[in-house]
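**Q** Take this sequence and fold it.
(chains A and B)
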Protein chains: 2
Amino acid sequence: MRVLGVVVEYNPFHYGHLHHLREAIELVKPNYVIAVMSGNFCQRGEPAIVNKFARTEIALRMGIDVVFELPTVYAVQDAGGFALGSVGVLHKTSVVTDIVFGSESGDLEFLQKVARLLTHQTPEFKRAFRVHLKMGYSYPNARKYALMDVLSSEVEKLSKSNDILGIEYIKSLIHYGSNIQPHVIRRVGADDNDETFRGKFSSASAIRKAIREGKFDESGEAMPAVTYEILKREFDAGRGPVFWRDLSFVIPIFRKMSRADFERIYSFNEGLDLRFYEAARATGDLQQFVELVKAKRFTYSRIRRAILHALFGFEKGMIEESNKYGPQYLRLLGFTNRGREILREIKKKATIPILSTPSLAEHVIQEALKKTEEGKRNFRINPELFRWQLQKDLLASDIYTFMYPDKAQAIAGMDFREPIQI
Amino acid sequence: MRVLGVVVEYNPFHYGHLHHLREAIELVKPNYVIAVMSGNFCQRGEPAIVNKFARTEIALRMGIDVVFELPTVYAVQDAGGFALGSVGVLHKTSVVTDIVFGSESGDLEFLQKVARLLTHQTPEFKRAFRVHLKMGYSYPNARKYALMDVLSSEVEKLSKSNDILGIEYIKSLIHYGSNIQPHVIRRVGADDNDETFRGKFSSASAIRKAIREGKFDESGEAMPAVTYEILKREFDAGRGPVFWRDLSFVIPIFRKMSRADFERIYSFNEGLDLRFYEAARATGDLQQFVELVKAKRFTYSRIRRAILHALFGFEKGMIEESNKYGPQYLRLLGFTNRGREILREIKKKATIPILSTPSLAEHVIQEALKKTEEGKRNFRINPELFRWQLQKDLLASDIYTFMYPDKAQAIAGMDFREPIQI
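**A** I've put the predicted structure just below:
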């Protein structure tokens, strides 16, 4: 039996996603497809355009059998943390046999070589990395140039975001000692960051931009009818679209925070704490805030993610624990009738518990602790970490719904909905 | 030498304020007039329509010689805390000889009788008060009915907000053992809470409502030309008008707070913590939030103030200390040439230091501690309380400016401006 795992955001689901899913299915010929999906906030440090349940519904209608949520603590980290969380979820199901991801180079062997080098860093690499960081390069660039020094110029390929993420997926597979087989599909069509609307071949960024500019109807061309209809339903109900600019309420929150408060938060190093502290006082405009924080070594994505880390209170220690031990639960967002079968398998084999609703969390933790004691199949959770990760998912949702255009709809507690069944 | 002290908000300064000021001057015939004024937030639990420096400028042009800021920790408390702060500032200057305040009854003797009764509460009064609270009445109503039981039906006068505040001023004079002579002026014209625009005789609430409804030009009729011009200047610069509804960013902040977090905050008792916790989750709309919190024993003003207490982090213990020891500094917002003379006197005689800019705070504290040690003229500050009160003023300003309509103007650090000199 083969089970395909895919890591997705579907923000929103478009033809490029459909194409990728079909190619992956053709390549692996799986019995089931499991997706781990970002919840209400995405890796670019932005809220998703519609909430996770709406996006799950689309995913299930488009061919995914089971959707698990990537816990927020991973969903809004850089490529490394994002991969540790998403590969962690797929690995810990114990049923996923293959992962397929997009790649600009399409060169799996090369990505694996780089991943091994980064995992078992040679002193030569470490030295080169430090030198480039000191020269003021951002973390990803310093790493790229260090790799160029150590490997070969071939590494120029690594400026592409999917390849960078691919390397992190492979590193995560090594981290978990996973037997999941990775595959790459060469990326075609629009670049993720290409905001130009290109009809059927538009990127998710371009679609979101079109919606932001009031061109939702026109943007329908770039997405399957299912996506369009569910987005329309959500927008009509006042539950979207949600945009990054809706986060401007973080500024008074940041004005309440001292420099020491920032320092306690993950990703606040290299002087980012001072830049946040000062920028929050220098403007009330979110875009201008980001421009004021911006520096050579802080990319826009990193700044947007750091905004969320501070907003959600991602303390350094807990993120480090999360990255070390991986996700503590399989938060089930939805499944199809076919998905029900593989869910039964997961329930038997997974090394962390399935969580179908947070209202059952304490019960699930107690059951999990019993199983851990019985030493069953490497079953293991850390209750404190479980609660912390879940609490951050709940908080992220409660902050997300506040951004709904219709404030009367902006109700908290979305997570207490049952998984979607199709 | 007679020095008149007045307690004001001037939100904004209108003909009623001018009338009151002239009557007070006629009554006391003072050499100087000192005002203690709410800063950027007012006693109704709302941000002021324009910032404290703009309002100070108006006050100085309209006949006030010196304006001190009422520290935020008092400005947004109920009548009792508001009076302890404002009378505290006037008393601690050691130069104020007379206070004049508005009163619906105009019966100073009666207000003094009630104030004495409330200060030296008889067991009979305490019992009656508890009974009415238990019946579900709000704090002010329970107090009123207890007084009715103990005094006489005459006490029906006490349903009027100025009389209630007047009693608190007198209680505060007793609290500080002050020799300041209180006077009352019978209130005429519009009720504070009357939102109907009545031309020249409109209340501040009515003026703010007119501005909120886009009728600033028409509202000019209700205020001296100086007020209109300075408001216009501020609005044109994008620094106002600031409205209560601009505070809706408190909702995601409240969604971050646990019930225990609310419980640590002043005024969160009688179940208010649970109501806040739940209401913040039930809506994203600020007005609806207040409606959900509303109950018989929680007045709208109390809820609006509690919102600010939670936003600013007014821990119970520090408010209790503040109410016990009073203000720790005389924050100078502005003065006229005439005011300069009385300021020289205050510098010699006051029992707490003058603070002309927060950048001098640590220097001022050290000087004050030296004077305290030398045992000069009852000079006394508590450095921890000083820093805490000042920090809350700075935070209140930084949150206030975030609400400016022009977010590029929404810069923090307003307090580091020097006092206005006219």
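**Q** Spatially nearest residue to the closest residue to chain B within the stretch 151-300 of chain A (excluding sequence neighbours)?
**A** Here the stretch 151-300 of chain A gets closest to chain B at one residue, residue A:284, 2.4 Å apart by CB to the nearest CB. Heads up, the C-betas are built off the backbone N, CA and C, glycines and all. Distance criterion CB to CB, 6 or more residues apart in numbering or on different chains; nearest residue to residue A:284, sequence neighbours excluded, is residue B:410 at 2.4 Å.
**Q** element containing that neighbour, please.
**A** Using DSSP states H and E, residue B:410 maps to neither a helix nor a strand.
**Q** Could you give the backbone dihedrals for the closest residue to chain B within the stretch 1-150 of chain A?
**A** When scored by CB to the nearest CB, the stretch 1-150 of chain A has residue A:47 as its residue closest to chain B, at 11.6 Å. Note on residue A:47: its backbone torsions stand at phi -70, psi 150 [degrees, to the nearest 10].
**Q** what's across from it in the sheet?
**A** residue A:41 (DSSP bridges).
**Q** Now for it: which residues touch it?
**A** A:40, A:41, A:242, A:243, A:244, A:246, A:247, A:400, A:403 (CB atoms under 8 Å, 6 or more residues apart in numbering or on different chains).
**Q** So for the fifth one, what's the pLDDT?
**A** When you say that, I think you mean residue A:244. On the pLDDT scale, residue A:244 is placed at 96.
**Q** these two touch, right, it and residue A:304?
**A** Yes: in this structure residue A:244 lies within contact range of residue A:304 using CB atoms under 8 Å: 7.0 Å.
**Q** Residues that sit against both of the two, list them.
**A** Residues touching both residue A:244 and residue A:304 (CB under 8 Å, 6+ apart): A:45, A:46.
**Q** Need the pLDDT of residue A:300.
**A** For residue A:300, the pLDDT comes out at 93.
**Q** For it, grab the count of nearby residues.
**A** If you count neighbours by other CB atoms under 10 Å in any protein chain shown, residue A:300 ends up with 13.
**Q** if I read this right, it contacts residue A:294, doesn't it?
**A** Yes: counting by CB under 8 Å, residue A:294 is a contact partner of residue A:300 at 6.9 Å.
**Q** For the stretch 151-300 of chain A, give me the ranges with low pLDDT.
**A** A:152-158, A:188-192 (pLDDT under 70).
**Q** For it, what lies in contact range of chain B?
**A** A:248-249, A:251-253, A:255-256, A:280-285, A:288 (CB under 8 Å from any CB of the partner chain).
**Q** Following the chain onward from the top helix by length along chain A, which element is next?
**A** Secondary structure of chain A per DSSP state H: the longest helix is helix A:383-402. Next along the chain after helix A:383-402, taking DSSP H and E as the criterion, comes strand A:420-421.
**Q** what's that following strand in contact with?
**A** A:53, A:56, A:57, A:60, A:333, A:334, A:335, A:336, A:337.
**Q** What strand or helix carries the third one?
**A** In this structure, residue A:57 sits in helix A:52-61 according to DSSP H and E.
**Q** and that helix, average pLDDT?
**A** 98.
**Q** and what of stretch A:72-79?
**A** Per-residue scores along stretch A:72-79 average to 96.
**Q** That stretch vs chain B: in contact?
**A** No: for stretch A:72-79 and chain B, the contact criterion (CB under 8 Å from any CB) is not met; the two come no nearer than 13.6 Å.
**Q** pull the CA atoms of that stretch into CSV?
**A** Output of stretch A:72-79 as CSV, limited to C-alpha atoms (Å, rounded to 0.1, in the frame of the first residue of the first chain):
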residue,chain,number,x,y,z
THR,A,72,0.8,27.2,13.8
VAL,A,73,4.2,27.0,15.6
TYR,A,74,5.6,25.4,12.5
ALA,A,75,3.4,27.0,9.8
VAL,A,76,4.8,30.4,10.4
GLN,A,77,8.5,29.5,10.9
ASP,A,78,11.2,29.8,8.2
ALA,A,79,11.7,26.9,5.8
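**Q** Pop out the phi and psi values for the residue located most distally from the centre of chain A.
**A** Computed with CA atoms, centre = their mean, the residue of chain A farthest from its C-alpha average is residue A:374, at 32.9 Å. Per-residue torsions, residue A:374: phi -70, psi -10 (degrees, to the nearest 10).
**Q** Which pLDDT value does the model give it?
**A** Residue A:374 carries a pLDDT value of 81.
**Q** how far away is it from residue B:142?
**A** 59 Å (CB to CB, to the nearest Å).
**Q** ok, now residue A:377?
**A** 63 Å.
**Q** Between these two, tell me which one has more neighbours.
**A** The residue with more neighbours, out of residue A:377 and residue B:142 and counting by other CB under 10 Å, is residue B:142; that gives 20 against 12.
**Q** how close does the more buried one get to chain A?
**A** Note on residue B:142: its distance to chain A, by CB to the nearest CB, to the nearest Å, is 33 Å.
**Q** And the helix or strand that that residue is a member of, what does it pack against?
**A** Secondary-structure assignment from DSSP H and E places residue B:142 in helix B:139-150. Applying 3 or more CB pairs under 8 Å, 6 or more residues apart in numbering or on different chains; DSSP states H and E, one finds that helix B:139-150 contacts helix B:108-119, helix B:123-134.
**Q** which one of those lies closest to residue A:148?
**A** Shortest distance between residue A:148 and those, using CB to CB, is found for helix B:123-134: 74.2 Å.
**Q** Tell me what angle that closest one forms with helix B:139-150.
**A** Per axes from the mean of the first three to the mean of the last three CA atoms, to 10 degrees, the angle that helix B:123-134 makes with helix B:139-150 is 140 degrees.
**Q** Surely residue A:332 is within a helix?
**A** No: counting by DSSP: H, G, I helix; E, B strand; the rest coil, residue A:332 is located in no helix; its state is strand.
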